[in-house]
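A.B. asks: Pasting the sequence and the predicted model now:
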Amino acid sequence: MPCFNAEANIENSILSVLQQTEAHFELIVVDDGSRDTSLTILHQLQGKDSRIKVFSKANEGAGPTRNYGLQHASGEFIAFLDSDDYWDKDFLNIMQSALLQSNTDLVYCGWQNIGLEGGRGEPFIPPDYENEHKYESFLQGCRWPIHGALTRHAAIDAVGGFDNHLSSCMDYDLWLKIATSHKIHLVPQVLSFYLHHEGEQITKNKARIAFNHWQVQKNFIQQHPDVIDALGNEKIRDLTIGELLRRGYDCYWQRDLVAARTIFKAVMQHHYGSLSDWKYMLPSLLPYSLHQKLLKKMDSSS
């Protein structure tokens, strides 16, 4: 569990681990140079439960912090939990049993957003990816959060852990590398919960996330050129540039115009999209204020 300025939520996240029905575990928490009272809270909790191991270091970001925690982990199985999210009390028990019974290297489960406008988001169960389309599915994306999986430590080591150069999508990079080189298994239950709040969250910069996701895809293709032979150039473009365009549309319809314009410009530079797509993308070449006025006029007339 990486921790950075998480005083508002860290205790609840840790309690969701301590209250697991599977009691045999170690909880490694790495404080990443917090400037609030997070470290004090961590030491207080550590004093009450010997299963908690607290480490502290200078701020480096989520990827290096998770790798630091992995270096100190002694268990055969690894699960990640961010300091503002939580698990169902049966997460470890169900996931460990599934991993052992399926004889796979990674199991993943359903999840649910908490704290969205109106309360909870709809619960979501990801597809069963262990099929002939696994490469194609994972190259496009991964539809479970970082705390929605249990993995063998050896599988993480085999792919080199987290990429320290990524500011986001380091979990997608890890799952992509593990899933395409190891067997995985779906647990069709909602066992993990993602908390949306007003604090610092990696997922808030949508343009950065979109470009990091694209970078992960490009890195993987460069390291696995056989993917191009298997899927073909057009399919690769649909899975990569097409996914970037889809994320641009997400920003556009949510009226995050700054992110949408940035993404649309990158897509146009690669000459991707239909005429209908370009109808939405081309106004991104206008000055921002003019583009904004155009959208406001469209919104008011609809």
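C.D. replies: Alright, I've got the coordinates.
A.B. asks: Surely residue 190 is in a strand?
C.D. replies: Yes. Applying DSSP: H, G, I helix; E, B strand; the rest coil, one finds residue 190 inside a strand.
A.B. asks: Bridged to it, which residues?
C.D. replies: residue 110 (DSSP bridges).
A.B. asks: pretty sure it contacts residue 113?
C.D. replies: No. At 10.8 Å, residue 190 and residue 113 do not qualify as touching, with contact defined as C-beta atoms under 8 Å. Using the backbone N, CA and C atoms, a C-beta is placed for each residue, glycine as well.
A.B. asks: who touches both of the two?
C.D. replies: Residues touching both residue 190 and residue 113 (C-beta atoms under 8 Å, 6 or more residues apart in numbering): none.
A.B. asks: Tabulate the CA atom coordinates of the lengthiest helix in the chain in PDB.
C.D. replies: If you go by DSSP state H, the chain has its longest helix at helix 233-253. Output of helix 233-253 as PDB, limited to C-alpha atoms (Å, rounded to 0.1, in the frame of the first residue of the first chain):
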ATOM      1  CA  ASN A 233      -1.400  -3.000 -38.700                       C
ATOM      2  CA  GLU A 234      -5.100  -1.800 -39.100                       C
ATOM      3  CA  LYS A 235      -6.200  -3.700 -36.000                       C
ATOM      4  CA  ILE A 236      -3.200  -2.300 -34.000                       C
ATOM      5  CA  ARG A 237      -4.300   1.200 -35.000                       C
ATOM      6  CA  ASP A 238      -7.800   0.500 -33.900                       C
ATOM      7  CA  LEU A 239      -6.700  -0.800 -30.600                       C
ATOM      8  CA  THR A 240      -4.200   2.000 -29.900                       C
ATOM      9  CA  ILE A 241      -5.100   5.200 -31.700                       C
ATOM     10  CA  GLY A 242      -8.800   4.200 -31.700                       C
ATOM     11  CA  GLU A 243      -8.600   3.800 -27.900                       C
ATOM     12  CA  LEU A 244      -7.000   7.200 -27.600                       C
ATOM     13  CA  LEU A 245      -9.800   8.600 -29.700                       C
ATOM     14  CA  ARG A 246     -12.400   6.900 -27.400                       C
ATOM     15  CA  ARG A 247     -10.800   8.500 -24.400                       C
ATOM     16  CA  GLY A 248     -10.800  11.900 -26.200                       C
ATOM     17  CA  TYR A 249     -14.600  11.500 -26.700                       C
ATOM     18  CA  ASP A 250     -15.000  10.700 -23.000                       C
ATOM     19  CA  CYS A 251     -13.400  14.000 -22.100                       C
ATOM     20  CA  TYR A 252     -15.300  15.800 -24.800                       C
ATOM     21  CA  TRP A 253     -18.800  14.600 -23.700                       C
END
